[in-house]
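> Any chance you can model this:
(chains A, B, C and D)
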Number of protein chains: 2
Amino acid sequence: MFAVTADLVVLTIRSDRLCVLLVRRGEEPYRDEWALPGGFVRPDEDLDAAAARELAEETGLAVGTVHLEQLGSYGAPGRDPRQRVVTVAYLALAPDLPAPEAGTDAAFAEWVAVGAVGSLAFDHEVILGDGVERARAKLEYTPLATAFCGAEFTVAELRRVYELVWGKELDPRNFHRKVTGAADLLVPTGTTTTRDGGRPARLYRRGAAVALHPPMPRSG
Amino acid sequence: MFAVTADLVVLTIRSDRLCVLLVRRGEEPYRDEWALPGGFVRPDEDLDAAAARELAEETGLAVGTVHLEQLGSYGAPGRDPRQRVVTVAYLALAPDLPAPEAGTDAAFAEWVAVGAVGSLAFDHEVILGDGVERARAKLEYTPLATAFCGAEFTVAELRRVYELVWGKELDPRNFHRKVTGAADLLVPTGTTTTRDGGRPARLYRRGAAVALHPPMPRSG
DNA sequence: ACAAAAGTGTTGGTTTTACACCCATGG
DNA sequence: CCATGGGTGTAAAACCAACACTTTTGT
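Here you go, the predicted structure:
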């Protein structure tokens, strides 16, 4: 008999950094240490539903606004000192959330830059690493980068997502051609913005594309 | 409290078909129906270890000979009528196994062509579908196709793997150039074979490559 | 000699890359 | 007018698909 938890790697981009949502644990074990948000799967709840519920509880965001997918399961004996626990980890990608969490279930949730994360409770460092790696890989051949942007965004904002997640600069001109040329990736809204300075940039919404053909070249 | 099982999608290529290992269930529920092999994770056993153990019990193959990776977890309430069960599914890719299983734990294991699989116990049809889809996708950008081949294989045998898994013919000339040109993918043994007829083909072993750059084009 | 399969060369078209250049706004 | 970023054009290089052609075996 095992306990089963759903833990979340929630990534977003805040102030030009790739950040992950962490909570301070209020209970033993690992009291007062940083951990990924999550909690026990309820007896009559599907795994995906548990992850979506935890996500809503921690961030206030409903699925539909954020991308949520299963990442993998972790169940080494002894990873929780109390009892045998199997964690089903989920990866969530969210746009920059306007309000920090307050008054919700997890009053101590905080966004932490991925590069600045120290040691975490349980095996959560491994899970975080796997989540970041998954995100990096999926940007290459899926339209997932748009999940980090708001409902309307410019090509430059989308490019910044790639640059921050990959830690690599991309040519703005070629990037522009690539994403505007990909079928069903971007839907122009017809409006423009000057929030990035310079010449007004066209605004886009996510299109219906489920894959990116051809993929975004990563290493060249 | 949940029961946790490790179930296996074991794929191989037999008599020019992509096949999956299935077992006849000997117990309720779903007695006498086809199911994926698998079993309960033991109280002091890691998930990966449980999958490796089940694989050895069902096929007699040790890890190292076969590729084994976690596929995903399935835990809808009611997927097992008796109790709440979460299954951690694993995907295994094996070369054609010389001996059919006999005298082992699962005397009723059989290889079934993936296209000829009917309905399966539990949600195993879904799991099988996800496993096949994963295998198809990974052939594109990893050296995983070599996991279907024996220790030594020809370029044509490797190409046949792609053709069977993808259900699509590939140009032998361009395929040859591609795989022999990919860095660290193939290590020539220096020997040749005529087992495919015609001019002798060079034999290769798997190289150290962990990715396929550039990827094998699938749809073109 | 012939069939069959391995392997190499060539060619034309597409994609990528790097960069020059123009456009539209705020200050 | 100038700085800043948005967006287009273009030429060299790399890549890919298609297929002609040569090599090496078994029969």
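
> which strand in chain A runs the most residues?
The longest strand of chain A (DSSP state E) is strand A:3-14.

> Partner strands of that strand and their direction?
strand A:17-24 (antiparallel), strand A:38-40 (antiparallel), strand A:85-93 (parallel) (DSSP bridges).

> Tell me which of those strands sits nearest to DNA strand D.
DNA strand D sits nearest to strand A:17-24 of all the strands paired with strand A:3-14, at 17.7 Å, using CB to the nearest atom of the strand. (Glycine included, C-beta is placed from N, CA and C.)

> CA-only coordinates of the closest one, as PDB, when you get a sec.
Taking Å, rounded to 0.1, in the frame of the first residue of the first chain, the C-alpha atoms of strand A:17-24 are listed here in PDB:
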ATOM      1  CA  ARG A  17      14.100  34.900 -15.700                       C
ATOM      2  CA  LEU A  18      12.800  31.400 -15.900                       C
ATOM      3  CA  CYS A  19      11.200  30.800 -12.500                       C
ATOM      4  CA  VAL A  20       9.600  27.900 -10.600                       C
ATOM      5  CA  LEU A  21       6.900  28.000  -8.000                       C
ATOM      6  CA  LEU A  22       8.200  26.700  -4.600                       C
ATOM      7  CA  VAL A  23       6.600  26.500  -1.200                       C
ATOM      8  CA  ARG A  24       8.000  26.500   2.300                       C
END
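
> Pretty sure A:Glu157 sits in a helix.
Yes. Judged by DSSP: H, G, I helix; E, B strand; the rest coil, A:Glu157 forms part of a helix.

> residues from chain A in reach of DNA strand D?
Proximity of chain A to DNA strand D (CB under 7 Å from any atom of the strand) is limited to residues A:154-156, A:172-174, A:176-177, A:180, A:192, A:196-202.

> change it to 6 Å
Contact residues, chain A versus DNA strand D (CB under 6 Å from any atom of the strand): A:154-156, A:172-173, A:176-177, A:196-199, A:201-202.

> now the strands for chain A?
Using DSSP E, strands in chain A cover A:3-14, A:17-24, A:34-35, A:38-40, A:67-74, A:85-93, A:109-113, A:186-193, A:201-206.

> Let's have these in JSON lines, adding mean neighbour count, mean pLDDT and distance to B:Asp32.
Shown next, in JSON lines, are those (neighbours: other CB atoms under 10 Å in any protein chain shown; pLDDT from 0 to 100; distance: least, CB to CB, whole Å):
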{"stretch": "strand A:3-14", "mean neighbour count": "22", "mean pLDDT": "97", "distance to B:Asp32": "30"}
{"stretch": "strand A:17-24", "mean neighbour count": "21", "mean pLDDT": "96", "distance to B:Asp32": "48"}
{"stretch": "strand A:34-35", "mean neighbour count": "18", "mean pLDDT": "98", "distance to B:Asp32": "46"}
{"stretch": "strand A:38-40", "mean neighbour count": "19", "mean pLDDT": "97", "distance to B:Asp32": "36"}
{"stretch": "strand A:67-74", "mean neighbour count": "21", "mean pLDDT": "98", "distance to B:Asp32": "30"}
{"stretch": "strand A:85-93", "mean neighbour count": "25", "mean pLDDT": "98", "distance to B:Asp32": "30"}
{"stretch": "strand A:109-113", "mean neighbour count": "16", "mean pLDDT": "95", "distance to B:Asp32": "50"}
{"stretch": "strand A:186-193", "mean neighbour count": "13", "mean pLDDT": "97", "distance to B:Asp32": "52"}
{"stretch": "strand A:201-206", "mean neighbour count": "18", "mean pLDDT": "98", "distance to B:Asp32": "48"}
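
> Distance to DNA strand C added to these, as a markdown table?
Putting the strands of chain A into a markdown table (distance: least, CB to the nearest atom of the strand, whole Å) gives the following:
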| stretch | distance to DNA strand C |
| --- | --- |
| strand A:3-14 | 23 |
| strand A:17-24 | 22 |
| strand A:34-35 | 38 |
| strand A:38-40 | 38 |
| strand A:67-74 | 24 |
| strand A:85-93 | 24 |
| strand A:109-113 | 28 |
| strand A:186-193 | 7 |
| strand A:201-206 | 10 |
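
> Nearest to B:Pro77, out of the ones you listed?
Distance to B:Pro77, taken as CB to CB, is lowest for strand A:3-14 among the strands of chain A, at 11.6 Å.

> Check the offset of the closest one from the chain's centre.
The chain centre lies 8 Å from the centre of strand A:3-14; the measure is CA atoms, centre = their mean, to the nearest Å.

> Stretch A:32-41 too?
For stretch A:32-41, the distance to the chain centre is 16 Å (CA atoms, centre = their mean).

> Run through who's touching that stretch.
Outside of stretch A:32-41, the residues within contact range by CB atoms under 8 Å, 6 or more residues apart in numbering or on different chains are A:3-10, A:20-26, A:47, A:50, A:54, A:57-58, A:87-89, A:106, A:109, A:112, A:117-122, A:124, A:127-128, B:2, B:75.

> rerun at 7 Å
By CB atoms under 7 Å, 6 or more residues apart in numbering or on different chains, the residues outside stretch A:32-41 that reach it are A:3-10, A:21-25, A:47, A:50, A:54, A:58, A:106, A:109, A:120-122, A:124, A:127-128.

> again with stretch A:154-171
A:13, A:16-18, A:135-136, A:139, A:145-146, A:148-149, A:172, A:175-176, A:179-180, A:193, A:196, A:201-203, A:216, A:218.

> Next: stretch A:78-91.
Counting by CB under 7 Å, 6+ apart, residues outside stretch A:78-91 touching it are A:2-9, A:29, A:47, A:51, A:68-75, A:77, A:122-123, A:127, A:131, A:134-135, B:4, B:43, B:73, B:86.

> again with stretch A:189-208
A:143, A:146, A:151-156, A:184-188.

> Among those residues, name the buried ones.
A:Pro143, A:Thr146, A:Phe153, A:Thr154, A:Val155, A:Leu185, A:Leu186 (16 or more other CB atoms under 10 Å in any protein chain shown).

> which other helices and strands contact the top helix by length along chain A?
Counting by DSSP state H, the longest helix found in chain A is helix A:124-141. In terms of contacts (3 or more CB pairs under 7 Å, 6 or more residues apart in numbering or on different chains; DSSP states H and E), helix A:124-141 is packed against strand A:3-14, strand A:67-74, strand A:85-93, helix A:155-166.

> Is it possible to get JSON lines of the ones you listed that adds distance to B:Leu212?
Formatted as JSON lines, those follow (distance: least, CB to CB, whole Å):
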{"stretch": "strand A:3-14", "distance to B:Leu212": "27"}
{"stretch": "strand A:67-74", "distance to B:Leu212": "22"}
{"stretch": "strand A:85-93", "distance to B:Leu212": "24"}
{"stretch": "helix A:155-166", "distance to B:Leu212": "19"}
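
> Would the longest helix of chain A count as contacting DNA strand C?
No. Figure legend: helix A:124-141 not in contact with DNA strand C (CB under 6 Å from any atom of the strand); closest approach 11.2 Å.
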